[in-house]
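Engineer: Got a predicted structure plus its sequence, pasted below:
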Amino acid sequence: DAKTTQPPSMDCAEGRAANLPCNHSTISGNEYVYWYRQIHSQGPQYIIHGLKNNETNEMASLIITEDRKSSTLILPHATLRDTAVYYCIAKTSYDKVIFGPGTSLSVIP
Amino acid sequence: DAGVIQSPRHEVTEMGQEVTLRCKPISGHDYLFWYRQTMMRGLELLIYFNNNVPIDDSGMPEDRFSAKMPNASFSTLKIQPSEPRDSAVYFCASSPNGVQQPQHFGDGTRLSIL
């Protein structure tokens, strides 16, 4: 699996967009970018994933740079319930998921 | 839909006792994963199964830990004998077979070994 690098913590004002960056400069051509989040004391929750095209679902948008060396998870209108640790993972379809320390996002009222 | 179900939610026991954690994956999911989470080490993959067969147990810390999956709807993680350093939150997750499928996690078992 490619190593990913995320800032340890971020703040975001409630109602604003939260943009969470992830660096995966050693990603290979067949590795996908996955995002999960973990709200305090709960199990991790899958958010979104992509290979090279931008993706959007009901929870978030994923923007992957053209060279695929970095990506950004966007929560368009952050709420207090989005306060969580967000994990960025780069892996092939059949690799096991390896969680790093992630980014602790605090949504501020 | 029922998600991944883990039991018990909390377990407190004394050092040296046997501990058994249980997991019921989502019906139809072919993969089952056991994770451990601590403040010091974060979220670690212990072992995973495909179609009830253990595929990778390289994350199992030592021989005191064992995991089984006797059928597609049930798995156990056993610690014998337990030690205080085994205190952690243990998560079970499952995923369908196929390309790109995400994992679905249970709510975890919070284990405290005194």
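Structural biologist: Nice, thanks for sending it over. Numbering: from 1, shown residues only, chains lettered A, B, ... in the order given.

Engineer: show me the contacts for whichever residue of chain A sits closest to chain B.
Structural biologist: Nearest residue of chain A to chain B, counting by Cβ to the nearest Cβ: A:G43, 3.1 Å away. Quick note: C-beta positions are derived from backbone N, CA and C, even for glycine. Neighbour list for A:G43: B:V4, B:F91, B:A93, B:F105, B:G106, B:D107, B:G108 [criterion: Cβ atoms under 8 Å, 6 or more residues apart in numbering or on different chains].

Engineer: Can you add distance to B:W34 and neighbour count and give these back as CSV?
Structural biologist: Shown next, in CSV, are the contacts of A:G43 (distance: Cβ to Cβ, whole Å; neighbours: other Cβ atoms under 10 Å in any protein chain shown):
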residue, distance to B:W34, neighbour count
B:V4, 11, 23
B:F91, 7, 27
B:A93, 8, 26
B:F105, 11, 24
B:G106, 10, 24
B:D107, 14, 17
B:G108, 11, 23
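
Engineer: Show me which of the residues you listed is closest to chain A.
Structural biologist: B:F105 (3.1 Å).

Engineer: For A:F99, see how far away the nearest residue to that closest one once chain neighbours are set aside is.
Structural biologist: Nearest non-adjacent residue to B:F105, counting by Cβ to Cβ, 6 or more residues apart in numbering or on different chains: A:G43, 3.1 Å away. Distance, A:G43 to A:F99, using Cβ to Cβ, to the nearest Å: 12 Å.
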